[in-house]
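Q: Predicted model and sequence follow; I will ask about them next.
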Amino acid sequence: MHPNQNSIKIISGNSHPQLAKLIAEKLRLPLAKIGAFQYTNKETAVSVGESVRDEDVYIIQTGSGESNINDFLMELLIIVNACRTASARRITAVIPCFPYARQDKKDKSRAPITAKLVANLLTTAGCNHVITMDLHASQIQGFFRIPVDNLYSEPIFLRYIKDNFDLKDVIIVSPDAGGAKRVAGIADKLDVNFALIHKERQKANEVSKMVLVGDVSDKVCLLIDDMADTCGTLCKAADVLMKNKAKKVIAMITHGIFSADALDKLNNSKLDKIVCTTSLPLQKKLSQCPKITCLDISSTLAEAVRRLHNGESVSYLFNNAIE
């Protein structure tokens with residue numbers, strides 16, 4: 001008997017069940033039966049409710065959820081290990097927002113490189129492949145000894161910009177020097193200008209001074225960044241742009257973490273709109289901040305899963321948005 005080449009299982013963790021459901025629907029597959037819960041002593045327990053022997057398993061678990069980030073990471077590791085010990089043929093972790101991605105370098109003495117630790121944990125648990133989106137730093141792919149497909153939200157954002165704005169009025173803006181390459185690439189594809197905000201930090205998550213490089217007068221400014229956490233940078237950047245006679249400011253973010261009092265800051269900011277993807281669950285936050293708009297990434301992730309399972313090239317997704 002040859003193994004069934006079409007055998008594929010989609011497993012959802014507890015971090016983002018809505019996204020997992022959409023991915024499974026796009027692939028026309030049911031979600032596999034799994035129980036992932038916590039005992040009263042807060043230990044995570046997992047039971048896989050169906051056979052995964054010799055199956056191609058895809059576990060969908062995003063890497064953030066404010067206070068639950070460590071619980072969700074541990075849950076992912078235990079699900080991976082449960083599938084490995086149940087003789088799955090290949091295990092792929094689909095992690096749209098990679099946990100601890102900002103701790104990717106030793107920027108001061110005795111600082112850990114936690115993103116590397118997470119990579120080692122996933123590999124040790126039994127992961128064969130990782131699919132993620134807009135890694136905070138591309139070099140995180142090199143922390144793994146297994147293949148990593150880092151997808152981009154750029155094609156989805158490009159389509160949104162073309163559909164919703166007159167490009168003659170648009171300028172693309174990076175809120176920091178680190179995002180200059182990303183912003184230059186988007187501006188190039190749209191054939192529009194870009195500007196840069198140079199920021200000086202006193203300590204992490206606190207910005208002291210911002211200087212604009214470029215002319216934004218009478219322009220619709222699209223602030224592009226990979227993640228928005230406390231949103232201090234975005235709100236201050238919007239202030240700087242409005243002081244420099246921008247028409248309006250719209251933020252476009254891949255991962256909308258929005259921790260602490262971020263939503264209050266956004267509601268009181270000069271930002272006209274915040275466009276982010278569904279890489280993180282935002283249902284509750286949408287009602288608290290009417291400025292937030294979500295773009296669905298389930299089609300891109302589902303297509304990546306389909307291509308990976310069928311042994312097709314995934315690079316098509318780097319430049320093309322999937323309907």
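A: In hand now; what should we look at? Numbers count the residues shown, from 1 in each chain.
Q: CA atoms for contacts and neighbours, from now on please.
A: Will do.
Q: residue boundaries of the strands in this protein?
A: Ranges of strands in the chain, per DSSP state E, are 8-12, 34-38, 44-48, 56-60, 90-95, 129-133, 148-151, 170-174, 194-203, 206-213, 220-228, 248-256, 271-277, 292-295.
Q: Indicate each strand paired with the fourth one and its parallel or antiparallel sense.
A: Just to be clear, that refers to strand 56-60. Strand pairing for strand 56-60, using DSSP bridges, gives strand 8-12 (parallel), strand 90-95 (parallel).
Q: Just the pLDDT for residue 185.
A: pLDDT recorded at residue 185 is 94.
Q: Could I get the strands of the chain in JSON lines, plus columns for mean neighbour count?
A: Listed next are the strands of the chain as JSON lines, based on neighbours: other CA atoms under 10 Å:
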{"stretch": "strand 8-12", "mean neighbour count": "23"}
{"stretch": "strand 34-38", "mean neighbour count": "15"}
{"stretch": "strand 44-48", "mean neighbour count": "15"}
{"stretch": "strand 56-60", "mean neighbour count": "24"}
{"stretch": "strand 90-95", "mean neighbour count": "23"}
{"stretch": "strand 129-133", "mean neighbour count": "22"}
{"stretch": "strand 148-151", "mean neighbour count": "18"}
{"stretch": "strand 170-174", "mean neighbour count": "26"}
{"stretch": "strand 194-203", "mean neighbour count": "17"}
{"stretch": "strand 206-213", "mean neighbour count": "14"}
{"stretch": "strand 220-228", "mean neighbour count": "23"}
{"stretch": "strand 248-256", "mean neighbour count": "24"}
{"stretch": "strand 271-277", "mean neighbour count": "21"}
{"stretch": "strand 292-295", "mean neighbour count": "17"}
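Q: Out of those strands, which is closest to residue 82?
A: In terms of CA to CA, the element of the strands of the chain nearest to residue 82 is strand 44-48, at 7.3 Å.
Q: residue ranges with poor pLDDT in this protein?
A: 1-6, 65-67, 201-202, 204-208 (pLDDT under 70).
Q: center of it - which residue?
A: Taking CA atoms, centre = their mean, the centroid of the chain lies closest to residue 97, which sits 3.5 Å from it.
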